[in-house]
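S.K.: Sequence first, predicted coordinates after that:
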Amino acid sequence: MIPDLPLEELARRYNNGGAVPDWADTLLPRWQRESERARADAAGARDVAYGPLPRNRFDVFAPKGIAPVGGWPALVFIHGGYWQRLSKEDWSVIAAPFVANGMAAVILGYTLCPQTTIRGIASEVETAITLLWNNAHDLAINRDRIALAGHSAGGHLTAWCMTTDWAARGMPATPFVSATAISGVFDLEPLVPIYLNEALKLTNAEALAMSPAYRERRVMCDFTAAVGGAELEEFLRQNQLLGTQWKNVTEWELPGLNHFTIIDELTRDDPALFKRVTAGLRS
């Protein structure tokens, strides 16, 4: 559904950089510095290939030492950037508190638009998760204790993975203990008439087809749709929409957090968001 708004106003409601203009000069440089430290300090495997393209890679971060029987419980994280910016290396910072608390973190990379489409990215993510699940033993990951989370475009892709037929890939129908979509976009139709579509190249029909809110949910793990209380109006609406369209969704609005400070809550082990994401991994 495209809200009945002037296009300029609709575009404003998706312009997170305009709403929080200092994030790229404050939060992002710190995350990048801490990401370098995380890549240097953690064990695991870097640049594991799941496909033939340069960004078809994921990084595994794990505690040093011998893994527990069955492997490390693990978070799989899908980064944001409106499907067209940033890379997995920018988000290694998220792995640090997981590793420090006896868990692994897998940070997925994927091809960006316009080199591919959102459908192409969704397919890459499905392929990456399938390879991870099939090779979990070799990577010291406990494939029975995998949680999924993603931010912004990654929140969309996390919700998309709730609509995937994983059994057709030889996996359990519900391969995750939990999933958390953070600041996600679940209805892509509003993106078609605004500036973002220059790279995404969505038609109205494709936007509808790629909108998780209008697809059947197949994966029945614990699912949380989280959004910051200080986010733009459309992100608040998107979060509510998914809770309306799907059953058994925990809608969670975190007071005072914007589109970028909400993801900073995963870079430390004390915030409520970190505790929610790790709850299924600790049990």
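M.R.: Received the coordinates, thanks. These numbers were taken from a predicted model, which means no experiment stands behind them. Residues are numbered from 1 along each chain as shown.
S.K.: Mind listing what's buried along the longest strand anywhere in the chain?
M.R.: In the chain, with assignment by DSSP state E, the single longest strand is strand 141-151. Neighbour-count burial for strand 141-151, counted by 16 or more other C-beta atoms under 10 Å, picks out Ile141, Asn142, Arg143, Arg145, Ile146, Ala147, Leu148, Ala149, Gly150, His151. (Each C-beta comes from the backbone N, C-alpha and C, glycine too.)
S.K.: hang on, isn't the second one packed against Gly102?
M.R.: No: counting by C-beta atoms under 8 Å, Gly102 is not a contact partner of Asn142; they are 11.6 Å apart.
S.K.: what touches both of those two?
M.R.: Common contact partners of Asn142 and Gly102 (C-beta atoms under 8 Å, 6 or more residues apart in numbering): Trp72.
S.K.: re earlier: now do the next helix or strand after the longest strand of the chain and strand 141-151, the angle between them.
M.R.: Counting by DSSP states H and E, the next helix or strand C-terminal to strand 141-151 is helix 153-161. Counting by axes from the mean of the first three to the mean of the last three C-alpha atoms, to 10 degrees, helix 153-161 points 120 degrees away from the direction of strand 141-151.
S.K.: Convert helix 153-161 to PDB, retaining C-alpha atoms only.
M.R.: Presented in PDB, the C-alpha positions along helix 153-161 are these (Å, rounded to 0.1, in the frame of the first residue of the first chain):
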ATOM      1  CA  ALA A 153      16.900  -3.900   4.600                       C
ATOM      2  CA  GLY A 154      18.200  -6.800   6.700                       C
ATOM      3  CA  GLY A 155      15.000  -6.600   8.700                       C
ATOM      4  CA  HIS A 156      13.100  -7.100   5.400                       C
ATOM      5  CA  LEU A 157      15.300 -10.000   4.500                       C
ATOM      6  CA  THR A 158      14.800 -11.500   8.000                       C
ATOM      7  CA  ALA A 159      11.100 -11.400   7.500                       C
ATOM      8  CA  TRP A 160      11.500 -12.800   4.000                       C
ATOM      9  CA  CYS A 161      13.200 -15.800   5.500                       C
END
